[in-house]
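Asker: A predicted structure for the sequence below; I have some questions about it.
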Amino acid sequence: LTVLSHHCINHTSTMASDKPVAGARGGLFGAGGRFKGGTDPIMEKFNESISFDRRMWKEDLRGSIAYSKAITKVGIITEEEGKQLQDGLEKVMEEWAAGTFEIKAGDEDIHTANERRLTEIVGPVGGKLHTGRSRNDQVATDTRLWTVAAERDILKDMATLIHAGAEFCEIHIDVLMAGYTHLQPAQPIRFSHWICSHLTPLVRDAQRLQDMIPRANQCPLGSGALAGNAFGVDREFLAAELGFDGVTANSLDSVCDRDFVVEFLMWHSLMLVHLSQFAEDVIINNLLKGVDIDDAYATGSSLMPQKKNPDALELLRGKAGIALGRAVGMTATLKGLPRAYNKDLQEDKKPLFESVDTVKDCLAIATGVIVTMKPNPEMLMKALCPEMLATDLADYLVRKGVPFRETHHISGACVRLAEEQKISIDTLTLEQLQAIDARFEEDVMKVWDYEVSVERKSSIGGTCKASVLKQIADLKAFAATL
C-alpha cells in the first residue's frame, strides 16, 4: 500500500505540473502538444504494441509508400518530396530486412517506429507523410495485408498436406482395415479410404479459406480516423497499388471492422478440429498396432524406458481447444464496441499472429506424420471380424428380392445364434443358416470375404478400389489449384 501510494503521489504530481516534460511521451507523441506531461511508465508498457505488431513492418512500409504516392498525386506534397519519402521508406525496409532496424524508446507501435526512423533519414519532410492519414486506417490496412498474405501462404501448406496424403493413400491402396462407428466394429474399408476421410474435410477448409480472402482483401486506407480523408486521396489508386481487390465501403466501419480477423480465428478453430480428429484416429490405431508412428514424431518417458508416446498427435489434438478459445475471446472483445476505432482492437494481433503460427506448425506436423507413418497390414486385418459382414449377409437376401427390413432382422438372428453358440458367424453351417431362413443357398458362403465386401461399395465416395482411386485423383487435382 505504501509503495502504491508513493507511486500515485509521484504520478499525480507529474501529471499536475504546468510544465511540459520534454520527450516524456517519446517518439511522435511527445509532451508539448495536447499533453502537458508524460505517461505513467506502466501505462507505456500497457499501451505499447511494438513488441508484437513489429511483425507487420513490411506491410506498414508498403502502405506508407503507396500513401506517399497518393498524396503526391493530389498535390499535397511535391514530386520531389514524394521521391524523398519513398526512397527513405525503402531504406527503412532494407534495415528491417537486414535485421538492423533499431527500436527506440517511444516507438509505441510499428507505425510510429517506422515514421520515426523515416524522419531521421529524410528530415522534416517525413512529417508530411501522415497528412490525412490516421493510425486507425493505417493499422486496419496493415492487418488486412498481413492476414491475406498469411492466408495465401497457408493455402500452399494445405496443398502440400493434401497432395502428400493423397500420394500416401495411393501407395497403400490395397490395405484393408476395420471401419468403426461408435468405436464399435462396423464394416471393412480400405486403409486409404480412411485416410481420405481425413483429407476431405481439409479440402472444405481450404475452400472456406479461399472464400474468405476476397472479403479480407479490401482496402481501408484513405478512411482517416473515422470520417474519411480530407485531401481527396484516390482510394482506388491505393487499393491497386497495394494489390487489394477493392475498397471498403464505409469509413467508420473501415477502421473498426475486424470481421476478417474473427473469420480467420473461427476458420482456424474448425480446421484444427479436423486435424484433431485425424490425430485421435491415428492415436487409436497406433494403440491397436494398426499403424506405426515414426520416431521423429514421438517422445519417450522420463521413467518408463519402453514408452513411445504419440506426442505430436496429442499436441495436434490439444491445439484445437486453444484455437476455439482464441475465436470466442476475440468475438467477445468485439461484441460491445461502439463505432468507430477503440483501443480494444489492438487485442486482435496476438490471437491472429498466434493462430497463423499454430496453423502453419500443425499443417507441417500433420504432413510429416502422414508421410512417415507405416500401416501394419497384418494387424489391420487382424482387427477385422466376420461379424462386420452381417450387413453383407442381409444384402445377400436383398439381391434375392427380400425387403431389407426383413433381411436386417434375419441377419440379426444369425448374429445372435453365433453369439449364443460362442462361435464366429462365418462358421455357421448352411443348415444352421437355412434353419433361420430357407432362402439362404450354397453361394451364401461367398459372403465371408472382406475384399468382396469392400469392392461391392462401388458408389461415388465408397470404399471400393476404383472409387478410392478416384478420390485420390480428385484430392491431387484440388491440391494443384491451391
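Answerer: Okay, I see it.

Asker: Now the strand or helix carrying L202: average pLDDT?
Answerer: Per DSSP states H and E: L202 is located in helix 191-216. Helix 191-216 shows a mean pLDDT of 98.

Asker: buried residues in it?
Answerer: 191-203, 205-206, 209, 212-213, 216 (16 or more other CB atoms under 10 Å). Quick note: C-beta positions are derived from backbone N, CA and C, even for glycine.

Asker: And stretch 374-385, by the same measure?
Answerer: So, applying 16+ other CB under 10 Å, buried residues of stretch 374-385: P375, N376, L380, A383, L384.

Asker: do stretch 126-140 as well
Answerer: 126, 128-130, 132-140.

Asker: and the residues you listed, which of them are in helices?
Answerer: R135, N136, D137, Q138, V139, A140 (DSSP state H).

Asker: Reformat these as JSON lines; add distance to M445 and pLDDT.
Answerer: JSON lines is the format used below for those (distance: CB to CB, whole Å; pLDDT from 0 to 100):
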{"residue": "R135", "distance to M445": "78", "pLDDT": "97"}
{"residue": "N136", "distance to M445": "77", "pLDDT": "97"}
{"residue": "D137", "distance to M445": "76", "pLDDT": "98"}
{"residue": "Q138", "distance to M445": "76", "pLDDT": "98"}
{"residue": "V139", "distance to M445": "73", "pLDDT": "98"}
{"residue": "A140", "distance to M445": "71", "pLDDT": "98"}
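
Asker: G165 is in contact with W194, isn't it?
Answerer: No - taking contacts as CB atoms under 8 Å, G165 lies outside contact range of W194: 11.3 Å.

Asker: and the helix holding L202, what does it pack onto?
Answerer: helix 135-171, strand 176-181, helix 259-287, helix 465-481 (3 or more CB pairs under 8 Å, 6 or more residues apart in numbering; DSSP states H and E).

Asker: Sheet partners, orientation included, of the helix or strand that that helix is followed by?
Answerer: Going down the chain from helix 191-216, the next helix or strand is strand 218-219, by DSSP H and E. With DSSP bridges as the test, strand 218-219 is paired with strand 246-247 (parallel).

Asker: Residues in contact with the strand it pairs with: which ones?
Answerer: Outside strand 246-247, the residues within contact range by CB atoms under 8 Å, 6 or more residues apart in numbering are N217, Q218, C219, P220, G222, R235, E236, L238, A239.

Asker: Tell me the spacing between R215 and Y450.
Answerer: As judged by CB to CB, to the nearest Å, R215 and Y450 stand 48 Å apart.

Asker: for A225, same thing?
Answerer: Distance from A225 to Y450, by CB to CB: 69 Å.

Asker: can you check D257 too?
Answerer: 55 Å.

Asker: between the two, which one's more packed in?
Answerer: Neighbour totals were compared for D257 and Y450, and D257 leads with 23 against 20 (other CB atoms under 10 Å).

Asker: contacting residues for that one?
Answerer: D257 touches A140, P220, T248, counting by CB under 8 Å, 6+ apart.

Asker: out of the residues you listed, who's nearest D53?
Answerer: A140 (12.4 Å; CB to CB).

Asker: list the contacts for the closest residue to Q210 other than its chain neighbours?
Answerer: Nearest residue to Q210, sequence neighbours excluded (CB to CB, 6 or more residues apart in numbering): L155, at 6.9 Å. By CB under 8 Å, 6+ apart, the residues touching L155 are A206, L209, Q210, L482.

Asker: Kindly export stretch 357-369 (C-alpha atoms) in PDB.
Answerer: Extracted in PDB, the C-alpha atoms of stretch 357-369 (Å, rounded to 0.1, in the frame of the first residue of the first chain):
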ATOM      1  CA  ASP A 357       1.800 -19.700 -36.400                       C
ATOM      2  CA  THR A 358      -0.200 -22.600 -34.900                       C
ATOM      3  CA  VAL A 359      -1.900 -23.400 -38.200                       C
ATOM      4  CA  LYS A 360       1.400 -23.500 -40.100                       C
ATOM      5  CA  ASP A 361       3.100 -25.600 -37.400                       C
ATOM      6  CA  CYS A 362       0.100 -28.000 -37.200                       C
ATOM      7  CA  LEU A 363       0.000 -28.500 -41.000                       C
ATOM      8  CA  ALA A 364       3.700 -29.200 -41.100                       C
ATOM      9  CA  ILE A 365       3.400 -31.700 -38.300                       C
ATOM     10  CA  ALA A 366       0.400 -33.400 -39.800                       C
ATOM     11  CA  THR A 367       2.200 -33.700 -43.200                       C
ATOM     12  CA  GLY A 368       5.200 -35.200 -41.500                       C
ATOM     13  CA  VAL A 369       3.100 -37.700 -39.500                       C
END
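
Asker: in that stretch, what counts as buried?
Answerer: T358, V359, C362, L363, I365, A366, T367, G368, V369.

Asker: again with stretch 183-193
Answerer: Neighbour-count burial for stretch 183-193 [16+ other CB under 10 Å]: Q187, P188, I189, R190, F191, S192, H193.

Asker: My guess is T39 contacts E48. True?
Answerer: No - contact between T39 and E48 fails when scored by CB under 8 Å: they sit 10.3 Å apart.

Asker: More neighbours: the two, which one.
Answerer: Ranked by neighbour count (other CB under 10 Å), T39 and E48 place T39 first, with 21 against 16.
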